[in-house]
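Engineer: Need a 3D model of the sequence below.
(2 chains)
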There are 2 protein chains.
Amino acid sequence: MVRISLDVMGGDFGPQVVIPGAARALERHPDIRFVLYGLEDQCVPLLDKYPKLKASSTFYASELAIAMDEKPSQALRRGRGKASMWQAIEAVSKGEADVIVSAGNTGALMAMSVFCLRMMAGIQRPAIAAIWPTLKGESIVLDVGATIGADAQQLMDFALMGGAMARALFEIERPTLGLLNVGVEEIKGQEEVKEAGRLIREASPDSIDYFGFVEGDDIGRGTVDVVVTEGFSGNIALKASEGTARQIAEYLRAAMSRTLLAKIGYILAKGAFDRLREKMDPRKVNGGVFLGLNGVVIKSHGGTDAEGFAAAIDVGYDMVRNGLKAKIENDLKKYHASLPSEGAASGMADEV
Amino acid sequence: MVRISLDVMGGDFGPQVVIPGAARALERHPDIRFVLYGLEDQCVPLLDKYPKLKASSTFYASELAIAMDEKPSQALRRGRGKASMWQAIEAVSKGEADVIVSAGNTGALMAMSVFCLRMMAGIQRPAIAAIWPTLKGESIVLDVGATIGADAQQLMDFALMGGAMARALFEIERPTLGLLNVGVEEIKGQEEVKEAGRLIREASPDSIDYFGFVEGDDIGRGTVDVVVTEGFSGNIALKASEGTARQIAEYLRAAMSRTLLAKIGYILAKGAFDRLREKMDPRKVNGGVFLGLNGVVIKSHGGTDAEGFAAAIDVGYDMVRNGLKAKIENDLKKYHASLPSEGAASGMADEV
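Structural biologist: Below is the predicted model of the structure:
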């Protein structure tokens, strides 16, 4: 049994997407038990239409919902203890759920998650890991927006957490990992990235196979299983690529409807286009994973539909089944035990 | 007449691409006069095959060529005064050419350009501006790799230079401009970007129409004419998007050759696919422009073909014809004159 708490009010469409999405995920994974948090008048009538889901769920009425454009600090003040988002996260911190999934406001979800779940021991800052479709399959890219300007040690932590997530998600023993960098030799380089490379090489953890630096185009190529970067450039890379994919889809649509021959060609090749559309379907890989917290938090795209939300639930389900949290804790423990400097450094700090 | 100096040895294929590329550009712009620098034995026999180009060019034999993987510092030491790249840049600093185009090693080209041409007065750091195809046409994105971790004032300078380039390239009076940022509200933000936003708003230069922050997916959407960011994230955005475009092209190719119906459909819709390919053709927008130097330097992709190299020459040609350098100098002058603090600040510095 996997216990999943849902912020039913999250996302652009709230219960209209979350409830049918949960129903779909339940069909694929009948061992899910849901804990649902939302506004009673909007959720209960809808839930009645999905008897199977209702039977596998416990519904709790929340007092309020966090708006998609609410500032995280305000959301935290206003929603503490009362908002569906807060309560869904709290279900994890109280041990009543194994993972929480929300399509709500990313900043608010991160702020509440950090507040409620606290950072994992040994981790300073959280990361958001995205699952990125590549020519070889899928890769994990982190951080895509939680920690702007991460330093070398934080990048090292992200590497360990991303490696653990790859083991949980792809079920490979020693995922390959690269640090995102620019290829051109610079007069002034990105010192944090170089230093992080040194830290990873020195530690050379069993849990990851360090490849070295990778460039932006290596992500889509699938050069490595895990790509590590700080949150600003990771977010820019993710959004820029999404923009390019949308742009090409638009070009393709326009090109295929321009002439009669193109239209006939399109009809004949429809199966191929459907395959392509499926490959490019962002709903298939919906679900950013918050890493570094004492609990698993999955962020779904706010504008997704029921199928996309179900995909985010699938990610949460897999993360629990494959023991993501234990894998991260285990890898961190091994890493810290392997550091000869750790004892020495704290001893020195005591003397000073 | 536009005088263009070429580093004939630059790029993965050197003279094999540069010379036919120059011949193509000359057909489109018969008023170009080329100054060519390269190894005599490799260039002269090839040049003899292009009599029109030969008639419009002056060839100078260089002693050596910079390798594509040479470190910038080493290239600078070894190539000073002797390399084709150096000599082609020097032609601009000596006033013998209006612009230099090279498909060579980016780091070496930047290092030599800074050394030979020097920074423009009032500019601390150079930027590389890319021309990015968008749903609305084209936008300028800078910096894509010259200045890693630019500070707020440097971003302000990039905004002025990018605005001037947009006026030169797109021939619009007041280009719209956005600062690349992440959308999510952050616990810790990118201070330089926020501060740069304040600087642009305060200065509110006539030459640009400041839009505010934009996100990664706004680039392909064409939300603004000019997107400003520091070199690390700009390079990552460019490469990640190139990777995505290649990835989708590969999916499309695979999808269209999988079944007989798809193949027939492809043949019928071939015109449409050709249009799409043309839209996605990176050669069409080949040519990064180095900004902030006392001279115009165009960097072509190293792996490009003759058509792509000709496109880079086209960019250089347009930049000269439309007075890029004068536009930048003029905008910078107006900006510095508009700063009330500039005089006051230096006065204060004197007192202290």
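Engineer: State the mean pLDDT of stretch A:97-110.
Structural biologist: The pLDDT scores in stretch A:97-110 average 95.
Engineer: what does stretch A:337-352 give?
Structural biologist: 53.
Engineer: who's the residue nearest the centre of chain A bridged to?
Structural biologist: With distances taken as CA atoms, centre = their mean, the residue of chain A nearest its centroid is A:Gly288 (1.7 Å). A:Gly288 has these beta-bridge partners by DSSP bridges: A:Lys299.
Engineer: In contact with it, which residues?
Structural biologist: A:106, A:128-130, A:144, A:298-299 (CB atoms under 8 Å, 6 or more residues apart in numbering or on different chains). Yep, even glycine has a C-beta here, placed from its N, CA and C like the rest.
Engineer: between those residues, which is nearest chain B?
Structural biologist: A:Thr106 (4.7 Å; CB to the nearest CB).
Engineer: contacts for the helix or strand hosting A:Ala312?
Structural biologist: Here A:Ala312, judged by DSSP states H and E, is contained in helix A:306-321. When contacts are defined by CB under 8 Å, 6+ apart, helix A:306-321 is touched by residues A:2, A:4, A:6, A:11, A:17-18, A:20-25, A:28-29, A:32, A:98-101, A:103, A:131, A:165, A:168-169, A:282-287, A:289, A:296, A:298-301, A:304.
Engineer: what about burial for these, which qualify?
Structural biologist: By neighbour count, with 16 or more other CB atoms under 10 Å in any protein chain shown, the contacts of helix A:306-321 hold A:2, A:4, A:6, A:11, A:17-18, A:20-25, A:29, A:32, A:98-101, A:103, A:131, A:165, A:168-169, A:283, A:285-287, A:289, A:296, A:298-301, A:304 as buried.
Engineer: buried stuff in the helix ranked longest in chain A?
Structural biologist: Of all the segments of type helix in chain A, defined by DSSP state H, the longest one is helix A:231-256. Going by neighbour count (16+ other CB under 10 Å), the buried part of helix A:231-256 is A:231-248, A:251-252, A:255-256.
Engineer: what's the span of stretch A:127-141, first residue to last?
Structural biologist: Taking CA to CA, to the nearest Å, stretch A:127-141 runs 10 Å from one end to the other.
Engineer: That one - what's its average pLDDT?
Structural biologist: Across stretch A:127-141, the average pLDDT comes to 92.
Engineer: Including distance to A:Leu177 and secondary structure, could the contacts of A:Gly288 go into TSV?
Structural biologist: Shown next, in TSV, are those (distance: CB to CB, whole Å; DSSP: H, G, I helix; E, B strand; the rest coil):
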residue	distance to A:Leu177	secondary structure
A:Thr106	25	helix
A:Ile128	17	strand
A:Ala129	12	strand
A:Ala130	15	strand
A:Val144	16	coil
A:Ile298	22	strand
A:Lys299	22	strand
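Engineer: burial measure for A:Asp41, as a count.
Structural biologist: 8 (other CB atoms under 10 Å in any protein chain shown).
Engineer: nearest spatial neighbour of A:Val320, skipping sequence neighbours?
Structural biologist: Leaving aside its sequence neighbours, A:Val320 sits nearest to A:Asp98 (CB to CB, 6 or more residues apart in numbering or on different chains; 4.4 Å).
Engineer: wait, what's in contact with the one you found?
Structural biologist: Residues near A:Asp98 by CB under 8 Å, 6+ apart: A:2-4, A:92, A:296, A:320.
Engineer: Please, where are all the strands along the stretch 101-250 of chain A?
Structural biologist: Taking DSSP state E, counting those that start in this stretch to define them, one finds strands in the stretch 101-250 of chain A at A:127-134, A:137-142, A:176-180, A:209-214, A:226-228.
Engineer: does any bit of the second one sit next to chain B?
Structural biologist: No - residues of strand A:137-142 are not located near chain B by CB under 8 Å from any CB of the partner chain, the shortest gap being 9.3 Å.
Engineer: Count the neighbours of A:Pro51 for me.
Structural biologist: Neighbours of A:Pro51 under the rule other CB under 10 Å: 10.
Engineer: Check the one 10 residues further on too.
Structural biologist: Taking other CB under 10 Å as the neighbour definition, A:Ala61 ends up with a count of 14.
Engineer: was I right about it contacting A:Gln42?
Structural biologist: No - under the criterion of CB atoms under 8 Å, A:Ala61 makes no contact with A:Gln42, lying 10.2 Å away.
Engineer: Can you tell me, leaving aside adjacent residues, what's nearest to A:Ser73?
Structural biologist: Distances taken as CB to CB, 6+ apart put A:Ala111 closest to A:Ser73, at 7.1 Å, once the chain neighbours are dropped.
Engineer: Contacts only, for that neighbour.
Structural biologist: A:Ala111 is in contact with A:72-73, A:75-76, B:187, counting by CB under 8 Å, 6+ apart.
Engineer: before we move on, back to that, Serialize the contacts of A:Asp98 to CSV and add fields for distance to B:Leu155.
Structural biologist: Below are these laid out as CSV (distance: CB to CB, whole Å):
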residue, distance to B:Leu155
A:Val2, 46
A:Arg3, 47
A:Ile4, 43
A:Val92, 40
A:Val296, 37
A:Val320, 43
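Engineer: Among those, name the ones in helices.
Structural biologist: Filtering the contacts of A:Asp98 for helices - DSSP H - leaves A:92, A:320.
Engineer: which pair in the contacts of A:Asp98 spans the largest distance?
Structural biologist: Farthest pair in those (CB to CB) is A:Val2 and A:Val92. Separation: 12.3 Å.
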